[in-house]
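K.L.:
What follows is a predicted protein model with its sequence.
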Amino acid sequence: MVDPYQVSRVYSSLYVLGNVPYYKILACGGDGTVGWVLSCLDSVGQDAICQSPPLSILPLGTGNDLARVLRWGPGYTGGEDPFSYLRDVIDAEDIKLDRWTVIFHPNEKEQDDVKVAIANDTNSANTNEDTTTIFVMNNYFGIGIDADILLDFHQAREENPDKFNISRVYSSLYVLGNVPYYKILACGGDGTVGWVLSCLDSVGQDAICQSPPLSILPLGTGNDLARVLRWGPGYTGGEDPFSYLRDVIDAEDIKLDRWTVIFHPNEKEQDDVKVAIANDTNSANTNEDTTTIFVMNNYFGIGIDADILLDFHQAREENPDKFNSRYGT
């Protein structure tokens with residue numbers, strides 16, 4: 001437990017640490033949190049003995065791009081040992097981080113009130129009376145269409161934060177709701193493709209492009225759907241990625257048959273494990289009468305073959321290291 005007197009704001013903490021010769025910081029959040037802590041150091045650290053303390057990251061953000069680059073991982077799942085993580089923070093090697101100062105002169109003819117307001121409200125910005133804005137960039141910055149899309153993403157997340165807590169796929173599809181046409185590249189196996197399609201079912205109903213074409217980079221165990229659609233039996237890593245992306249762009253759009261299956265469990269054959277898996281399936285909608293609705297994207301089985309595949313699925317979930325290739329199964 002933490003006593004309320006042990007909790008303080010970042011500025012207050014850094015000011016108190018001004019006379020400490022050396023210390024480390026652990027920023028818990030995403031890229032925005034890291035940038036905010038660094039901006040606090042810029043403001044307070046100039047008069048401190050330790051002006052540039054090493055900063056570690058506990059990745060709790062949406063993208064965690066800076067944490068990935070600095071090898072702190074793609075995201076904290078909660079299953080890691082916190083004491084082991086703190087030891088890594090203590091033992092981590094200190095490296096330099098490049099940072100840029102960008103001076104932004106807005107064009108009077110293109111004064112977008114919303115964008116200017118966001119620029120003025122940014123923590124890392126220092127705005128002068130002549131509307132010139134100075135940004136300190138810690139990771140990357142964009143100019144043009146990519147920056148405009150990311151700004152739309154930021155605004156959508158600020159307006160609807162509950163829609164951005166589920167997964168990055170849902171968040172991306174929600175932001176792309178006003179884009180008239182785009183393509184998706186699903187990197188994984190049949191399960192990944194089915195999951196992305198279920199996300200489209202949930203988010204795409206209100207989008208302009210309700211059924212964007214979906215390509216597959218086959219990284220799964222069987223990759224049956226990728227084989228049928230001629231995306232290959234599996235990605236080996238030796239293919240030219242740019243050539244693969246060109247194939248995605250040039251690929252012909254074809255329709256994919258999908259089925260809705262309504263499952264009524266037999267009371268005499270209530271297998272708790274199988275019912276639990278059915279209820280926990282992402283593509284399932286379970287009503288109070290235990291009737292489960294599945295959307296099948298590739299194939300489904302009934303009887304002994306389905307029972308064998310379910311046993312296979314359970315074994316793979318329990319021992320994923322033994323299912324890294326089709327020959328080890």
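P.N.:
Here it is on my side, so go on.
K.L.:
so what's V44 up against?
P.N.:
By C-beta atoms under 8 Å, 6 or more residues apart in numbering, the contact list for V44 reads 11, 14-15, 18. Any C-beta I mention is one placed from the backbone N, CA and C, and that applies to glycine too.
K.L.:
Buried members of these into ChimeraX, please.
P.N.:
Command for ChimeraX that selects the buried part of the contacts of V44, burial taken from 16 or more other C-beta atoms under 10 Å:
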select :14,15
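K.L.:
Need the distance between the two termini of stretch 218-228.
P.N.:
11 Å (C-alpha to C-alpha, to the nearest Å).
K.L.:
tell me the helices in the stretch 101-250 of the chain, going along the chain?
P.N.:
113-121, 145-159, 168-175, 190-203, 224-228, 241-250 (DSSP state H, counting those that start in this stretch).
K.L.:
which one of the ones you listed lies closest to I293?
P.N.:
Across those, I293 has its closest neighbour in helix 190-203 (11.4 Å, C-beta to C-beta).
K.L.:
packing partners for that closest one?
P.N.:
Where contact means 3 or more C-beta pairs under 8 Å, 6 or more residues apart in numbering; DSSP states H and E, helix 190-203 is packed against helix 168-175, strand 184-188, strand 214-218, helix 224-228, strand 292-296.
K.L.:
can you redo the ones you listed as TSV with mean neighbour count and mean pLDDT?
P.N.:
Formatted as TSV, the entries for these read as follows, by neighbours: other C-beta atoms under 10 Å; pLDDT from 0 to 100:
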stretch	mean neighbour count	mean pLDDT
helix 168-175	18	72
strand 184-188	17	90
strand 214-218	22	93
helix 224-228	18	89
strand 292-296	16	79
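K.L.:
picking that back up, turn the helices of the stretch 101-250 of the chain into TSV, including distance to F294.
P.N.:
Converted to TSV, the helices of the stretch 101-250 of the chain look like this (distance: least, C-beta to C-beta, whole Å):
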stretch	distance to F294
helix 113-121	43
helix 145-159	30
helix 168-175	19
helix 190-203	10
helix 224-228	16
helix 241-250	28
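K.L.:
hmm, back to that, so which of the helices and strands packed on helix 190-203 gets nearest D253?
P.N.:
Within those, the stretch nearest D253 is strand 214-218; the backing value is 9.7 Å (C-beta to C-beta).
K.L.:
neighbouring strands for the closest one, and are they parallel or not?
P.N.:
In the sheet, strand 214-218 lines up against strand 184-188 (parallel) (DSSP bridges).
K.L.:
Go ahead and produce PDB holding the CA coordinates of the strand it pairs with.
P.N.:
Taking C-alpha atoms only, strand 184-188 is exported to PDB below (Å, rounded to 0.1, in the frame of the first residue of the first chain):
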ATOM      1  CA  ILE A 184      -6.000  -4.700 -44.600                       C
ATOM      2  CA  LEU A 185      -3.000  -7.100 -44.200                       C
ATOM      3  CA  ALA A 186      -3.700  -9.700 -41.500                       C
ATOM      4  CA  CYS A 187      -0.400 -11.200 -40.200                       C
ATOM      5  CA  GLY A 188      -1.100 -14.600 -38.700                       C
END
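K.L.:
residues in contact with it?
P.N.:
Under C-beta under 8 Å, 6+ apart, the answer for strand 184-188 is 192-193, 196, 212-217, 219-220, 245, 248.
K.L.:
cutoff 10 Å now
P.N.:
The contact list for strand 184-188, computed with C-beta atoms under 10 Å, 6 or more residues apart in numbering, reads 169, 172-173, 176, 192-197, 199-200, 212-220, 223, 225-226, 231, 235, 244-245, 248.
K.L.:
ok so, going back, between the contacts of V44, which is nearest R71?
P.N.:
Distances from R71 to the contacts of V44, taken by C-beta to C-beta, are shortest for L14, at 25.2 Å.
K.L.:
All set, thanks.
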